[in-house]
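A.B. asks: Sequence and predicted structure, then a few things I'm wondering about:
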Amino acid sequence: MSDLTAAMLERGQKARMAARRLREASGETRTNALHLLAIKLRLNAKAILDANRIDLDNGRANGMTEAMLDRLSLDPARIEGIAAAVDMIAGTKDPLGVETERWTAPVNGLDIARVRTPIGVLGIIYESRPNVTADAAALCIRSGNAAILRCGSDCLQSSLAIAGLIGEALSEAGLPADGVQLVDTPDRAAVGLMLSGLNGTIDLIVPRGGKSLVARVQAEARVAVLSHLEGMNHTYVHEAANADMARALVVNAKMRRVSVCGATETLLIDKAVAPVLLPLIAADLCAKGCELRADDTARAIVPDMIKATLEDWSTEYLAPVLSVAVVDNIDAAIAHIEQYGSGHTEAIVTDDAEAASTFLNRVDSAIVVHNASTQYADGGEFGFGGEIGIATGRMHARGPVGAEQLTTYKYMVRGQGQTRP
């Protein structure tokens with residue numbers, strides 16, 4: 001057995017033991033741990049930034065793109081945002097022990113309750129976003145789960161700095177520091193070991209990253225997977241859209257932060273308004289430095305746009321690049337989304353209530369939005385405090401995965417001496 005294998009199996013055993021204590025801990029104890037973590041993040045901001053600077057220097061030396069550098073980069077405002085998210089998670093209702101339903105079985109008189117309980121040990125695999133280290137830890141603590149975190153090598157130093165504070169906060173709150181463990185090696189073999197389940201100690205794998213990471217996890221995992229696919233998001237400007245609102249929303253949905261999974265990657269615009277509105281939206285986007293790749297109909301209206309290829313309609317750019325298509329009507333817009341979308345987030349801009357209702361009901365994505373930016377696809381914006389990711393599947397959890405979505409349930413059955421005939 002290799003040293004890495006032995007170390008990872010030991011992590012799994014420690015996580016399993018910690019999970020028991022976290023499950024049995026009071027909500028107040030777990031809340032206290034989260035508040036302590038938020039305090040520590042603020043007090044140790046300089047140390048975190050120093051570690052992040054090492055990651056950024058390494059990233060630039062390795063030719064990391066600007067979009068990925070943006071995901072990796074921390075500054076005082078972002079650290080405050082991370083701490084604020086932890087505080088917000090601490091302020092959310094404790095999901096554990098909640099009875100979601102209770103009834104008396106009519107045949108036997110048994111009192112049966114369905115009660116939320118932690119999943120157990122989560123293996124969370126993510127790439128170059130150090131904020132995920134704090135977000136994932138906080139959500140696991142809130143939901144009573146233990147976690148083994150494996151970040152990308154790009155953000156290892158930043159994540160190690162944050163993970164050290166997580167362990168301190170857990171210990172000071174009277175909880176096991178092993179409740180959240182960060183894999184401290186960039187060796188990719190550690191990922192394979194996690195996907196094996198570490199001898200049954202990992203209950204659920206949560207991948208948060210690009211298409212290649214998710215594909216590997218889905219192909220190799222021997223335990224359950226909560227998948228988070230790419231954000232191939234669309235904003236559809238309907239014929240009844242308010243022009244000023246449409247212009248503002250499209251620019252925000254694409255350009256607020258191009259590197260987040262909630263960024264719009266394709267603009268669909270109704271042919272009834274495209275001749276007037278598309279040149280204005282295109283000018284707004286170009287003024288922000290966005291490259292536009294369009295179909296022939298759109299290019300006939302705005303000739304300066306680059307001709308889109310078939311690949312563009314299914315590309316998550318995570319960069320200042322946007323695909324543009326003119327569609328005949330709402331049916332055509334929905335058909336385009338069904339063909340090329342990833343089931344993440346889709347938006348319609350319209351003042352027509354019936355059209356909005358049609359879009360929200362017919363589009364089968366995890367998040368559907370009316371008259372707001374797709375960049376609101378974020379657990380913090382949903383009131384969850386934060387999220388491990390946006391689940392695009394249809395089992396267990398869908399959309400932003402917060403603390404409640406990291407629970408399962410058990411049945412508590414109370415009798416009065418019943419015996420089954």
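C.D. replies: All right, it came through fine.

A.B. asks: so where's this protein uncertain?
C.D. replies: The model of the chain has no residue with pLDDT under 70.

A.B. asks: Centre of the chain to the helix of greatest length in it, how far?
C.D. replies: In the chain, with assignment by DSSP state H, the single longest helix is helix 3-24. On the basis of Cα atoms, centre = their mean, to the nearest Å, helix 3-24 sits 25 Å off its chain's mean C-alpha point.

A.B. asks: so what does it touch, helix or strand wise?
C.D. replies: strand 111-118, strand 121-126, strand 146-150, strand 180-182, helix 189-195 (3 or more Cβ pairs under 8 Å, 6 or more residues apart in numbering; DSSP states H and E). Where C-beta positions appear, they are placed from N, C-alpha and C, glycine not excepted.

A.B. asks: T185 belongs to a strand?
C.D. replies: No - under DSSP: H, G, I helix; E, B strand; the rest coil, T185 falls outside any strand and is assigned coil.

A.B. asks: mind listing what it touches?
C.D. replies: L4 (Cβ atoms under 8 Å, 6 or more residues apart in numbering).

A.B. asks: cool, N252 as well?
C.D. replies: So N252 contacts 373, 375 (Cβ under 8 Å, 6+ apart).

A.B. asks: could you point out which element follows whichever strand or helix holds it?
C.D. replies: Per DSSP states H and E: N252 is located in helix 243-255. Next helix or strand after helix 243-255 toward the C-terminus (DSSP H and E): strand 264-270.

A.B. asks: buried stuff in that following strand?
C.D. replies: 264-270 (16 or more other Cβ atoms under 10 Å).

A.B. asks: Could you do stretch 234-245 as well?
C.D. replies: 234-241.

A.B. asks: And the furthest pair within those?
C.D. replies: Among the buried residues of stretch 234-245, the pair separated by the greatest distance (Cβ to Cβ) is H234 and A240, at 17.5 Å.

A.B. asks: isn't C286 right next to L292, touching?
C.D. replies: Yes - using Cβ atoms under 8 Å, C286 is in contact with L292, at 7.0 Å.

A.B. asks: hmm, back to that, which of the buried residues of strand 264-270 sit farthest apart?
C.D. replies: E265 and D270 (18.6 Å).

A.B. asks: Turn the buried residues of stretch 234-245 into TSV, including distance to Y340 and secondary structure.
C.D. replies: Conversion of the buried residues of stretch 234-245 to TSV gives the following (distance: Cβ to Cβ, whole Å; DSSP: H, G, I helix; E, B strand; the rest coil):
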residue	distance to Y340	secondary structure
H234	8	strand
T235	13	strand
Y236	13	strand
V237	17	strand
H238	18	coil
E239	21	coil
A240	24	coil
A241	21	coil
